[in-house]
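1. Any chance you can model this:
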Amino acid sequence: MTHPDLHSYQKQLLQQRDALRARLNQLRGGEPSRALASAAHFSGHEDTPAQANTERDLELALDEHETAELRRIDAALQRVETGTYGHFVACGTTIPEDRLRATPDAERCMDCQSALEDA
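-> Numbering: from 1, shown residues only. Okay, here's the model as predicted:
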C-alpha cells in the first residue's frame, strides 16, 4: 500500500475513533464505565421496573456494540503502526481497496469470517 493511501485510511480511522469516543461519552453521560453510567442513569428512575430494565438493556447493548467497534478501530490503527495494515489478519490476503474504503477496520475476508462464525 502506498504511503498517501495509508495516511488517508489512518486519518479516516482516527476520525471514526474520535466520533465513537464522543458517542460513548454521551451514552455514558461522561461516566468512565458502563456500570457507573447505568447506575447513575437509572437511580431514582420513575419508569416501571420493566421499562427501566428494557432501557438499561438497550443502552448496554449499544455501548457494547460501540466498544467492540472501537476495539476494531484501535486494532486497525495498530496494524498501521506495525506495517501490516491492508492485509486480512487471519489469512494475510491483501484487502481490496473497495473493501478498505467501505470498512477501513476490516480484519477478515468473507471465507475467514464464515469459518469463524461456523466454529
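
2. Low-confidence stretches in this structure?
-> Applying pLDDT under 70 to the chain flags the ranges 1-4, 28, 30-46.

3. May I see the buried residues of whichever helix in it runs longest?
-> When the chain is parsed with DSSP state H, its longest helix is helix 49-82. For helix 49-82, burial by neighbour count (16 or more other Cβ atoms under 10 Å) applies to 56, 59, 63, 66, 69-70, 72-73, 76-77, 79-80. The C-beta positions use only the backbone N, C-alpha and C, and glycine is treated the same way.

4. E107: neighbouring residues, count only.
-> 17 (other Cβ atoms under 10 Å).

5. For it, which non-adjacent residue is closest in space?
-> Leaving aside its chain neighbours, E107 sits nearest to V89 (4.6 Å; criterion: Cβ to Cβ, 6 or more residues apart in numbering).

6. Over to R23?
-> Closest to R23 by Cβ to Cβ, 6+ apart is E66, at 6.0 Å.

7. what angle do the strand or helix carrying Q16 and helix 49-82 make?
-> According to DSSP states H and E, Q16 maps onto helix 3-27. In terms of direction (axes from the mean of the first three to the mean of the last three Cα atoms, to 10 degrees), helix 3-27 departs from helix 49-82 by 160 degrees.

8. quick one on the thing from earlier: just give me the closest of the buried residues of helix 49-82 to T93.
-> R79 (13.9 Å; Cβ to Cβ).

9. What distance do you get for that closest one to L100?
-> In this view, R79 and L100 are 11 Å apart by Cβ to Cβ, to the nearest Å.
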